[in-house]
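Asks: Here is my input, please return the structure:
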Amino acid sequence: MDSILVVEDEEIILGLITDVLEMYGYKVRAFSDADTAWEFVRSQDSAPRLLITDLRMPGEIDGVELVKRVQQMRPQTPILVASGYHGDSGLLNDTSVYWLPKPFSIDQLHAICQKLAPPS
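Replies: Numbering: from 1, shown residues only. Okay, the predicted model is just below:
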């Protein structure tokens, strides 16, 4: 799969991230909850190019559980957590997870996406 998955329950932020990444030439699949994003990942034959997710979201699973499931099923997928919250998520010490604290700039988002999912 050549898409970046963006999972964010705040509609304005989801739209902004999607628009910015598409402006830079990325293919993006946007999801407003982790449940739907997980079902999409499970239905695909290949790994996402990059997963960008918030942590706190409504639904059966949150961003923390989504990260854990994607790591288990698609360990080659780079993961970027874009969140203002890390609390006791257990992911803070996970060196395979990259962090982009909210609020972040478009330049910060673009720079880390170039690092984790370089343009083809």
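Asks: Okay, and the closest residue to L100 other than its chain neighbours sits in which element?
Replies: Leaving out its chain neighbours, the residue that sits closest to L100 by Cβ to Cβ, 6 or more residues apart in numbering is A82, at 4.4 Å. (Each C-beta comes from the backbone N, C-alpha and C, glycine too.) Applying DSSP states H and E as the criterion places A82 in strand 79-83.
Asks: For that strand, buried residues please.
Replies: 79-83 (16 or more other Cβ atoms under 10 Å).
Asks: do stretch 39-47 as well
Replies: 40-41, 47.
Asks: now do stretch 3-17
Replies: Of all the residues in stretch 3-17, those buried under the rule 16+ other Cβ under 10 Å are 3-9, 14, 17.
Asks: now do stretch 98-108
Replies: Buried residues in stretch 98-108, counted by 16+ other Cβ under 10 Å: 98, 100.
Asks: Which strands or helices does the longest helix seen in the chain pack on?
Replies: If you go by DSSP state H, the chain has its longest helix at helix 11-23. With contacts defined as 3 or more Cβ pairs under 8 Å, 6 or more residues apart in numbering; DSSP states H and E, helix 11-23 has these neighbours: strand 3-7, strand 27-31, helix 106-116.
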